[in-house]
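Colleague: show me the folded form of this:
(one chain, ligands or ions: 2)
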Amino acid sequence: MAFGLFKKSDKKQEVSSGPHYYDLTVKKLVEETKDSISLVFEQPASGKLKYKSGQFLTLIANVGGKEVRRAYSLCSSPFVDEDLAVMVKRVDNGLMSNWVPSNLKPGQKMKVLEPMGQFTTEFAKENKRHLIMFAGGSGITPMMSILKSLISQEPESICSVIYCNRDVDSIIFRNTLDQIQTEFEGRVHVIHILDNAPMNWQGYSGLLSKEMLVKLFERIPDWGLDKTTYLMCGPEGMMKNVDTLLKELHIPQEKTFKESFVTGVIDKEKKEEVKAAVKAGNTSHEVTVRYDGQEYKFVVEPNRTILETALDQGIDLPYSCQSGLCTACRGRAISGKVKLDEEEGLSQSERAEGYVLTCVGHPITDDVVIEIG
Ligand SMILES: Cc1cc2nc3c(=O)[nH]c(=O)nc-3n(C[C@H](O)[C@H](O)[C@H](O)COP(=O)(O)OP(=O)(O)OC[C@H]3O[C@@H](n4cnc5c(N)ncnc54)[C@H](O)[C@@H]3O)c2cc1C
Ligand code: FES
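Modeller: Ligands and ions are numbered 1, 2, ... in the order given. A predicted model of the protein is given here:
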């Protein structure tokens with residue numbers, strides 16, 4: 001969901017033949033905390049890979065004999081940084097987040113899917129806005145890119161970063177955030193909140209509450225609702241909490257934009273409900289998918305998603321998280337009805353315009369036609 005002064009763009013991805021894959025060369029791996037690394041890639045010699053701040057790369061690797069894809073938000077800024085960088089935080093027993101730091105070395109190649117994602121905005125030097133970012137843990141990654149782009153491209157805009165972490169050692173990009181705050185004093189405010197603060201901690205600690213948020217808002221400039229946009233990215237609990245608090249403070253829903261990294265955000269009950277409903281219909285439906293100048297027709301069985309069925313048939317459609325979070329598989333249903341296991345990844349207006357996510361989508365009529373890209 002693009003945010004900011006601009007209306008969400010329905011511009012097509014710049015794709016000319018199927019999803020674009022790149023073999024990027026690893027330039028370096030930088031340890032950010034004990035369980036997170038920045039993975040820096042050289043830009044391809046054949047031409048710079050274009051991306052927008054807030055978008056993600058999909059890393060593709062063979063892990064244990066199986067292709068694994070995962071989305072990682074770019075923390076580099078297309079306006080400021082020469083290289084491309086993502087930040088990977090280790091997840092217990094996670095396939096990709098453990099494979100990357102243990103297997104990748106400078107000079108090696110890594111297959112990636114072109115940058116994608118709607119958690120982004122257009123920058124313009126005449127803009128005058130205040131972005132208030134709520135980040136938790138690895139959720140700082142897209143914020144870092146947006147922050148760097150905002151301060152370099154919009155001299156009159158400002159940014160406040162409210163960053164929640166477990167403890168001091170788990171603060172990712174701490175030095176960079178400090179440096180940016182010092183360099184852009186008055187335009188960038190960084191406030192840390194820790195679950196477990198040390199004795200000498202000068203900042204905030206504990207769960208973000210309404211009282212705490214009111215106090216925090218007193219410490220950062222108030223530019224009024226018109227000029228302020230609220231962004232959030234972090235663990236499910238933190239996002240839900242911030243969402244509730246902003247509602248309590250009467251911040252309209254259309255001023256807040258979210259990026260979810262974790263499938264836990266999905267309402268599991270709803271997913272099961274949709275699956276049960278689709279299965280109860282017990283009917284297969286034919287689907288037509290138009291993508292990149294090609295038209296594909298295939299039958300989707302109950303309890304299978306449109307993307308799963310396409311992949312089974314060797315059709316190379318764009319996708320990344322396969323969980324209804326990242327929108328890499330987004331298409332518009334120009335006819336027929338599609339039920340989604342998960343709708344969180346789409347804004348209300350996208351849903352109203354007929355957008356669907358093939359990775360969590362089931363056709364429930366026979367006339368479904370989806371246009372991707
Ligand atoms: C749009 C988008 C952008 C993302 N950007 C980033 C990023 O910048 N940096 C980053 O580190 N990750 C990011 N992620 C998450 C990333 O794609 C992977 O999901 C994450 O690294 C776990 O992958 P894995 O293969 O290691 O774990 P898996 O093998 O997929 O999962 C192992 C177990 O861990 C659980 N799990 C998965 N992810 C998490 C999590 N984040 N926290 C806690 N438990 C989890 C799973 O439910 C599962 O039980 C992003 C995800 C999306 C959708
Ligand atoms: S692949 Fe991520 S939303 Fe479908």
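Colleague: dihedrals phi and psi, the residue of the stretch 101-250 of the chain found nearest ligand 1?
Modeller: At 3.5 Å from ligand 1, Thr141 is the closest residue in the stretch 101-250 of the chain, using CB to the nearest ligand atom. (C-beta placed from N, C-alpha, C; glycine too.) Here is the backbone geometry of Thr141 (degrees, to the nearest 10): phi -60, psi -60.
Colleague: that one contacts Ser77, correct?
Modeller: No - Thr141 is beyond contact range of Ser77, at 11.8 Å (criterion: CB atoms under 8 Å).
Colleague: who's more crowded, these two?
Modeller: Taking other CB atoms under 10 Å, Thr141 and Ser77 do not tie; Thr141 has more neighbours (29 against 22).
Colleague: apart from its neighbours in sequence, what residue is nearest the more buried one?
Modeller: Ser73 (4.2 Å; CB to CB, 6 or more residues apart in numbering).
Colleague: that neighbour contacts Ser53, correct?
Modeller: No - with contacts counted by CB under 8 Å, Ser73 stays clear of Ser53, the gap being 9.5 Å.
Colleague: quick check: neighbours shared by those two?
Modeller: Pro142, Ser145 (CB atoms under 8 Å, 6 or more residues apart in numbering).
Colleague: if we can go back for a sec, quick one: contacts for the residue nearest to Thr141?
Modeller: Gly54, Gln55, Phe56, Val86, Met87, Gly117, Phe119, Thr141, Pro142, Ser145, Cys233, Glu259.
Colleague: what is the fifth one paired to in the beta sheet?
Modeller: Think Met87. Judged by DSSP bridges, the bridge partners of Met87 are Ser38.
Colleague: so how many other residues sit close to it?
Modeller: 24.
Colleague: look up how far Val289 lies from the residue nearest to Thr141.
Modeller: According to CB to CB, to the nearest Å, Ser73 stands 27 Å off from Val289.
Colleague: what's the answer for Leu24, then?
Modeller: Look at Leu24 and Val289: by CB to CB, they are 28 Å apart.
Colleague: ok, Thr229 next?
Modeller: Counting by CB to CB, the gap from Thr229 to Val289 is 34 Å.
Colleague: who's more crowded, these two?
Modeller: Val289 (22 against 18).
Colleague: JSON lines for the contacts of Ser73, including distance to ligand 2, secondary structure and pLDDT?
Modeller: What follows is the contacts of Ser73, written out as JSON lines (distance: CB to the nearest ligand atom, whole Å; DSSP: H, G, I helix; E, B strand; the rest coil; pLDDT from 0 to 100):
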{"residue": "Gly54", "distance to ligand 2": "15", "secondary structure": "coil", "pLDDT": "98"}
{"residue": "Gln55", "distance to ligand 2": "13", "secondary structure": "coil", "pLDDT": "98"}
{"residue": "Phe56", "distance to ligand 2": "10", "secondary structure": "strand", "pLDDT": "98"}
{"residue": "Val86", "distance to ligand 2": "16", "secondary structure": "strand", "pLDDT": "98"}
{"residue": "Met87", "distance to ligand 2": "19", "secondary structure": "strand", "pLDDT": "98"}
{"residue": "Gly117", "distance to ligand 2": "9", "secondary structure": "coil", "pLDDT": "95"}
{"residue": "Phe119", "distance to ligand 2": "12", "secondary structure": "coil", "pLDDT": "95"}
{"residue": "Thr141", "distance to ligand 2": "16", "secondary structure": "helix", "pLDDT": "98"}
{"residue": "Pro142", "distance to ligand 2": "15", "secondary structure": "helix", "pLDDT": "98"}
{"residue": "Ser145", "distance to ligand 2": "19", "secondary structure": "helix", "pLDDT": "98"}
{"residue": "Cys233", "distance to ligand 2": "15", "secondary structure": "strand", "pLDDT": "97"}
{"residue": "Glu259", "distance to ligand 2": "12", "secondary structure": "strand", "pLDDT": "95"}
